[in-house]
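# This is the structure alone, sequence omitted:
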Ligand SMILES: Cc1cc2nc3c(=O)[nH]c(=O)nc-3n(C[C@H](O)[C@H](O)[C@H](O)COP(=O)(O)OP(=O)(O)OC[C@H]3O[C@@H](n4cnc5c(N)ncnc54)[C@H](O)[C@@H]3O)c2cc1C
Ligand code: SF4
Ligand code: SF4
Ligand code: FES
């Protein structure tokens, strides 16, 4: 891994350079909260944020996306929309959110021969270069370290920036990252041993600042014996079914497909959906396999901590803490897994 | 753009048969793909499903109810229930629909050769069984006894009635019909499908039982089959969950860690008995 440094005053120039060749996305503050948006001017970027409220999964797996358009006159025609072909750079993504993409990849890109690939996701993913930004000050509910990750993890990004005071320490992780930096090399200088030591210290301090931990050891096997445990009913008593935990989660990927049409033409659109809603599984016959909130709370936890590990060999949680921060009734996923560990079966 | 799996192919409705009238109406739609190449090459196996689109309305998943031995068209048999199915029932010959698929796994038509097949269906659940049954009839020498147990709420609700009559006449299939409550002129069994099964007491010897129908029927049929001595791997069923993508991505159709759209819809009881999930 190659290491460079970039002095902070050169950041605007770097971003301007990148924006001239790539579609640049980064955290922007709007109406009091930050989210990842297309950036025209480097001044817009807000790097004081920790986590965007809506996870940047929305850049790759869009909240709404046109799957195809149709004419429904006498002669029906269907057309796949032209996708935006521009190469993208996503700047300032946190290590946990970048890991979210890696968790979603097998879902949308398929894992074995014969699996379907989602071209909308795959295309955006392949032409995105990720410049991560380490977290110097993790938040109250951050627990990425519980998943063998770190606030300064370079595992799921192409380039990682770490704030070391006057400068950013820059890890060039992948070929893609190298390519991006090549044209900008005049802005960077070689990292010194001292720079590296500061970077290590920033990482260690950040790790130490994380106070919450989820112990997932043995959870998959334990859950196999807990489908009928009263923990789900107890948890569900508090849940109001708002679904915000799933919308904000970087690994939730359920979607609905709906038609929007006027007289002669229209489109089939996909929109994020949530397994926390009763309509989600309702059959047209009236039968509903997950009629009660208990069924839906249970499905959410099992999907992340049993089904995902079984199917994709990974827990579908990055430890970002969003679902804990924003649940209106303080349902806490760390707490739930702790109760799973404790439960008598 | 690599192939867009959400974009349906176009098909023309070339025939419509009214199977059942009234408020639980069922119609069978014969569909022909508009693209000549697709029409020639579309291949599937009994048990597989297809996603039918009505543009501006939406999509629904159906079992392909025709047999793969019938070339150049496919059929779906649809019960009128909600938005898409109501609109489908309004369609006329010559109209265009979208179709994508075939999806999912299939019945083991190779592995079941030289065996007796026992079909146990209820209501619209006969649709996937019809594909398999017609396939077996078109390859009659490959299979031993074929026996059908089928029930509906009333005699009016019996789906594919003429086909059953025809099969009974030809006597190469044993057909046992039932309705839930007695009607004048009905001279077959009266009662639920699981009860008819118990009464008929079929032998599990070299037999595969395939059942499809409402969840509650499936449950009791399986229970009775086990009591009759059928082994877990001699019992097959198809499952239904609400679906959107049909290709294992949208996350909607899971029962436990199994996605019915791509890992199903056909399951042996051997697979199902340990599967814990909401269904
Ligand atoms: C693998 C598989 C195979 C299938 N095979 C067949 C088949 O061969 N033949 C067949 O007929 N069906 C089959 N189905 C079922 C079929 O897909 C549904 O009946 C169909 O999708 C209903 O769509 P709809 O648009 O008409 O209902 P919708 O209008 O989409 O229903 C949407 C929602 O509205 C509500 N709703 C609408 N109508 C009603 C109602 N009457 N009662 C209660 N709630 C209602 C429900 O909440 C429902 O979920 C199969 C399903 C699967 C998964
Ligand atoms: S489950 Fe909660 S903590 Fe885990 S990734 Fe999703 S939102 Fe973040
Ligand atoms: S955010 Fe909290 S209340 Fe809302 S659905 Fe999730 S667990 Fe339930
Ligand atoms: S219908 Fe989308 S995953 Fe099965």
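Here it is on my side, so go on. Computed from a predicted structure; not experimentally measured. Ligands and ions are numbered 1, 2, ... in the order given.

# Please give the element, helix or strand, for residue A:37.
strand A:33-38 (DSSP states H and E).

# Pairing partners for that strand, with directions?
For strand A:33-38, the paired strands and their directions (DSSP bridges) are strand A:23-30 (antiparallel).

# Run through the residues of the stretch 101-250 of chain B sitting next to ligand 4.
Counting by C-beta under 6 Å from any ligand atom, the stretch 101-250 of chain B comes close to ligand 4 at B:243, B:244, B:245, B:246, B:248, B:249, B:250. The C-beta positions use only the backbone N, C-alpha and C, and glycine is treated the same way.

# and the third one, what does it touch?
Right, residue B:245. For residue B:245, the contact set (C-beta atoms under 8 Å, 6 or more residues apart in numbering or on different chains) comprises A:255, A:257, B:6, B:252, B:261.

# Which of the residues you listed lies at the shortest distance from residue B:49?
Distance to residue B:49 across the contacts of residue B:245 (C-beta to C-beta) is lowest for residue B:261, with 7.8 Å.

# Show me which positions of the host helix or strand of that closest one end up buried.
In this assignment (DSSP H and E), residue B:261 forms part of helix B:260-263. For helix B:260-263, a neighbour-count test (16 or more other C-beta atoms under 10 Å in any protein chain shown) marks B:260, B:261, B:262, B:263 as buried.

# so what pLDDT did the first one get?
Going back to what we said before, that points to residue B:260. Listed pLDDT for residue B:260 reads 95.

# Now for it: which residues touch it?
Contacts of residue B:260 by C-beta under 8 Å, 6+ apart are B:104, B:239, B:240, B:241, B:243, B:253, B:254.

# Ok, residue B:52 next?
B:59, B:60, B:61, B:62, B:76, B:84, B:88, B:97, B:98, B:99.

# Just the residues you listed: which are in strands?
With DSSP state E as the criterion, strands contain B:59, B:60, B:61, B:62, B:76, B:97, B:98, B:99 from among the contacts of residue B:52.

# Tell me what the residue nearest to the last one when sequence neighbours are not counted is bridged to.
Spelled out, that is residue B:99. Using C-beta to C-beta, 6 or more residues apart in numbering or on different chains and skipping residues adjacent in sequence, the residue nearest residue B:99 is residue B:11, 4.7 Å away. The partner list for residue B:11 in beta bridges (DSSP bridges) reads residue B:33, residue B:97.

# again, but for residue B:149
Bridge pairing for residue B:149 - DSSP bridges - gives residue B:120, residue B:176.

# and it, what does it touch?
With C-beta under 8 Å, 6+ apart, residue B:149 has these contacts: B:118, B:119, B:120, B:121, B:176, B:178, B:193, B:196, B:197, B:200.

# Show me which pair in those is furthest apart.
Pairwise over those, using C-beta to C-beta, the maximum falls at B:118 and B:178, 14.8 Å.

# Pick out whichever of these two has more residues nearby.
Applying other C-beta atoms under 10 Å in any protein chain shown to residue B:118 and residue B:178 shows that residue B:118 carries more neighbours, namely 25 against 21.

# what's the nearest residue to the more buried one if we skip its chain neighbours?
Counting by C-beta to C-beta, 6+ apart, the residue nearest residue B:118 is residue B:209, at 4.4 Å.

# Which positions within the host helix or strand of the one you found qualify as buried?
Assessed by DSSP H and E, residue B:209 sits inside strand B:207-212. Buried residues in strand B:207-212, counted by 16+ other C-beta under 10 Å: B:207, B:208, B:209, B:210, B:211, B:212.

# What residues sit buried inside the helix or strand following that strand?
Note on strand B:207-212: by DSSP H and E, the next helix or strand toward the C-terminus is helix B:215-227. The neighbour-count check on helix B:215-227 (16+ other C-beta under 10 Å) flags B:217, B:218, B:220, B:221, B:222, B:224, B:225, B:226 as buried.

# can you check stretch A:17-31 too?
For stretch A:17-31, by 16+ other C-beta under 10 Å, it's A:17, A:18, A:19, A:22, A:23, A:24, A:25, A:26, A:27, A:28.

# thought residue A:198 was touching residue A:166?
No. Look at residue A:198 against residue A:166 with C-beta atoms under 8 Å: they stay out of range, at 10.0 Å.

# and the nearest residue to residue B:231 once chain neighbours are set aside, what does it touch?
Using C-beta to C-beta, 6+ apart and skipping the chain neighbours, the partner closest in space to residue B:231 is residue B:204 (7.0 Å). Applying C-beta under 8 Å, 6+ apart, we find residue B:204 in contact with B:225, B:228, B:229, B:230, B:231, B:234.

# coming back round to it: with distance to residue A:262 added, can I get the buried residues of helix B:260-263 in JSON lines?
Shown next, in JSON lines, are those (distance: C-beta to C-beta, whole Å):
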{"residue": "B:260", "distance to residue A:262": "34"}
{"residue": "B:261", "distance to residue A:262": "30"}
{"residue": "B:262", "distance to residue A:262": "34"}
{"residue": "B:263", "distance to residue A:262": "38"}
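
# In contact with the closest residue to ligand 2 within the stretch 51-200 of chain A, which residues?
As assessed by C-beta to the nearest ligand atom, ligand 2 sits closest to residue A:100 within the stretch 51-200 of chain A, at 6.7 Å. Counting by C-beta under 8 Å, 6+ apart, residue A:100 touches A:55, A:56, A:57, A:250, A:251, A:318, A:320.
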